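Peer 1: need a structure here:
(chains A and B)
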Amino acid sequence: MVDFSRVQKELQECNKDINVSGISVNPKSDNLSNLIGTITGPVGTPYEGGTFKIDIDLPGGYPFEPPKMKFATKVWHPNISSQSGAICLDILKDQWSPALTIKTALLSIQALLSAPAPDDPQDAVVAQQYLKDYQTFANTARYWTESFAKTSSAGVEEKVGKLAEMGFPEALVRTTLEAVGGDENLALEKLLSG
Amino acid sequence: MESVEYISSDDENELDYYSSDRDDSNDDALINDDDDDRSNWLPNKGSSSKVITKESLLAAQREDLRRVMELLSLREHHARTLLIHYRWDVETIFAVLVEKGKDRLFTEAGIPNPESHDPVSLVSTSTMMCDICMEDMPSCDMTKMDCGHCFCNTCWTEHFIVKINEGQSRRIRCMAHKCFAICDESVIRNLVSKRHPDLAEKFDRFLLESYIEDNKMVKWCPSTPHCGNAIRVEEDAFCEVECSCGNQFCFSCLCEAHSPCSCAMWQLWTKKCRDESETVNWITVHTKPCPKCHKPVEKNGGCNLVSCICGQAFCWLCGGATGRDHTWSSIAGHSCGRYKEDREKQSERAKRDLYRYMHYHNRYKAHTDSFKQESKLKETIQGKVAILEGKESQLRDFSWVTNGLYRLFRSRRALSYSYPFAFYMFGDELFNDEMTKEDLEIKQHLFEDQQQQLETNVEKLSKFIEEPFDSFTEDKIMEIRMQVINLSVITDNLCKKMYECIETDLLGSLQFGIHNIAPYHSKGIEKATELPVSWTAKQCAGDKRKRLEEPTTGGSSESDRPSGSGSSEETDFPAQKMARTDGFGGGMFDLNLPAEVIDRN
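Peer 2: Coordinates of the predicted model:
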């Protein structure tokens, strides 16, 4: 049986300093064992500006068993599956300690976003790319952040629309946007320079 | 196709033989008998391997614990933690101590530094917050672990239960993040037994059985049904032992005793005998499936137009269905490429391999059969001796008969297992690149000479022992006696020589592979002696009963112990390790009593 009184306290504690930590946790429904966590992408990384949602499932033995967490938002990262959102993080597995909380786990995930561990990958394709062609990796990660982790993914469509109106073919606009990580101005420069 | 049937039926018998050998080991073999006349055959005293029963399990580990406790001035639970971490290898512990120092030795095993440890001192009036459940708790409901981390008892208990059920009993870590300290077993035991007495007992059992499961010098006896014993050997893990239940086995691979075959060879051999792979091979090479009824068809001569018993005619070369019109060299309306040399070579090879296997297998089988036959001799021999003893005769001592019989068993064994050995030693499956063909050939001749000599003498010995000497005249008996004594000495020496040849000239000269075999002992497979159950264990039993009577402990008794539902631990072990049916926990040991207390008593 999940220790709900602890979960309740954790939620209160966590939502006190949302502004500082950029981390919030909310129940998915009435049931406190299904939660949604939100973290902001760390500044200075391809995830900057993104808001990532994380599905949290509390097992019956929580906090003596680790919470099950996975990304609900698609993210391009060596330790996170680009398909399923599964996270490769030791404290969510054998290094879990009951003294950790949902918040500390989310903080660790946030730290993982700024410091990937490509040698212990969850997603081999992403990890290969990270090691062999960092620039492409960063661009793809930024584009994914733009496309999936911005509050409205209409942002991308809007930009595509705008650039297409200028007379560039839509397919080209999309690939260019992707290549520069979704930055409208950079894309325009690139399109103009040919 | 005859040979196919021959081999398969052959193998079935053989399997039967082995399984029956194991099931009713008592009527079958002298080797498993506890008769008095055996005392002059086998050493019962001073054997280095020990039988560990559930009663002596605690006593068995006591010495290791004491050594570690004395050397490092540790308390028992810390010594156990250390030993579990270093897999009960005291030498490794000493080596790490010398190499890395005490602090590293302790931290790596998860033992908090004993010097920095201050006794649990909590002010009983105050309340504290438990960082796990985030509740304020009176200090008396909290427990501080050796590492200094303090949480409430409810949370500790919950943590322990989860870990025990996860199969982590032997290394339950502190709940604090990044704290690698292993929790004090007595705290775990006390807290868990208040909520789940049966789980606490299981915890004790897993802790105790670490001595068997995590220790390369101790293994469960592989008997089925499991006798509940474990065997401990000293120094050399390549040996053959006999458990007190009568089961003889190779300590290294837990299969039947198979020296002078190495474990790897024996594994290959049993597999080969089991799946009759050579036979299958023969069928694939010598037969072709009929294109109509799909049964394998063997060509018994004649031209390449073959007709199956179902009436279908087909071309032997390509396997395709044809008409019946043909000449010697061609089939009407059918043409299918040319003669293929590869296929011919392949079939040659398969045939040769099969004959080679059959050669070795037949001899191996013949000797194991003889062994089986001779095992029955024991009773007849005893009968004969009884008759002779009843006669007025100068001859009083008949130990030569039993000694001779035992020598026969011993040599017969070595002889039969020397055939699978030779099959692999001189075949190209294992040692293809080890030595040149010429070299190997010389060695093979050398070995075969030894083997032949042994074989001849074993047969002679067998012949004399089987003589109906009870009806002979005294002179004749004396003659047989001389022969038996002589042959006993000769076969023993020949066995030694054959082993020497195997160990030094053959296996010893390998450059790449390492094959160890259990050495030859004239006296036979060593019978492990029972470890004495120290009086301390009985003392513990008394204490345990007392403890169980107290209502606070939950009063579990053996009869109402649940069979451990919800635990993954039991299923996590290799099958052979958990083959036993009965559990420990017969109330024979009590880990609550530290060794110091018991020793003081």
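
Peer 1: how close does the residue nearest to A:Phe71 when sequence neighbours are not counted get to A:Asp123?
Peer 2: Distances taken as Cβ to Cβ, 6 or more residues apart in numbering or on different chains put A:Gly85 closest to A:Phe71, at 3.5 Å, once the chain neighbours are dropped. (C-beta placed from N, C-alpha, C; glycine too.) A:Gly85 is 10 Å from A:Asp123, where distance means Cβ to Cβ, to the nearest Å.

Peer 1: quick one: which of these two has more around it?
Peer 2: Remark: of A:Gly85 and A:Asp123, A:Asp123 carries more neighbours, 22 against 19, as counted by other Cβ atoms under 10 Å in any protein chain shown.

Peer 1: doesn't A:Asp55 make contact with the residue nearest to A:Phe71?
Peer 2: Yes: contact criterion Cβ atoms under 8 Å: A:Gly85 and A:Asp55 qualify, at 7.4 Å.

Peer 1: Overlap of the contact sets of the two?
Peer 2: Residues touching both A:Gly85 and A:Asp55 by Cβ atoms under 8 Å, 6 or more residues apart in numbering or on different chains: A:70-72.

Peer 1: want to try CSV for the residues you listed, with neighbour count as columns?
Peer 2: Listed next are those as CSV, based on neighbours: other Cβ atoms under 10 Å in any protein chain shown:
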residue, neighbour count
A:Lys70, 15
A:Phe71, 23
A:Ala72, 16
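
Peer 1: can you list the domain ranges for chain B.
Peer 2: Following automatic domain parsing, one finds the domains of chain B at B:55-109, B:359-524.

Peer 1: hang on, the earlier thing: next up, the contacts around the residue nearest to A:Phe71.
Peer 2: Counting by Cβ under 8 Å, 6+ apart, the residues that A:Gly85 touches are A:55, A:70-75.

Peer 1: Just name the closest of the residues you listed to chain B, please.
Peer 2: A:Lys70 (21.6 Å; Cβ to the nearest Cβ).

Peer 1: Including mean pLDDT, could the domains of chain B go into CSV?
Peer 2: Shown next, in CSV, are these (pLDDT from 0 to 100):
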stretch, mean pLDDT
domain B:55-109, 90
domain B:359-524, 87
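
Peer 1: Relative to chain A, which of the ones you listed is closest?
Peer 2: Of all the domains of chain B, domain B:55-109 comes closest under Cβ to the nearest Cβ, at 16.4 Å.

Peer 1: mind checking the end-to-end distance for the closest one?
Peer 2: 28 Å (Cα to Cα, to the nearest Å).

Peer 1: how far does it sit from the chain's center?
Peer 2: 27 Å (Cα atoms, centre = their mean, to the nearest Å).

Peer 1: Please apply the same query to stretch A:25-45.
Peer 2: On Cα atoms, centre = their mean, the centre of stretch A:25-45 falls 11 Å from that of its chain.

Peer 1: quick one on the thing from earlier: could you dump the contacts of A:Gly85 to TSV with pLDDT?
Peer 2: As requested, the contacts of A:Gly85 are exported to TSV (pLDDT from 0 to 100):
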residue	pLDDT
A:Asp55	94
A:Lys70	92
A:Phe71	94
A:Ala72	92
A:Thr73	92
A:Lys74	92
A:Val75	93
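
Peer 1: So which of these sit within strands?
Peer 2: A:55, A:70-71 (DSSP state E).

Peer 1: quick one: which of the shared contacts of A:Gly85 and A:Asp55 is nearest B:Thr224?
Peer 2: Comparing the shared contacts of A:Gly85 and A:Asp55 against B:Thr224 with Cβ to Cβ places A:Lys70 closest, at 44.9 Å.

Peer 1: host element of the residue positioned nearest the centre of chain A?
Peer 2: Ranked by distance to the mean C-alpha position of chain A (Cα atoms, centre = their mean), the top residue is A:Phe52 at 4.2 Å. Using DSSP states H and E, A:Phe52 sits within strand A:51-57.

Peer 1: Adjacent strands (with direction) for that strand?
Peer 2: strand A:34-40 (antiparallel), strand A:68-71 (antiparallel) (DSSP bridges).

Peer 1: by contact count, what packs against the biggest helix by length in chain B?
Peer 2: Longest among the helix segments of chain B by residue count, using DSSP state H, is helix B:341-375. Packing contacts for helix B:341-375, counted by 3 or more Cβ pairs under 8 Å, 6 or more residues apart in numbering or on different chains; DSSP states H and E, involve helix B:2-23, helix B:277-286, helix B:399-425, helix B:437-466.

Peer 1: Give me the neighbour count for residue 163.
Peer 2: All of this refers to chain A. 21.

Peer 1: think we crossed wires, I meant chain B
Peer 2: Using other Cβ under 10 Å: B:Lys163 sits among 22 other residues.
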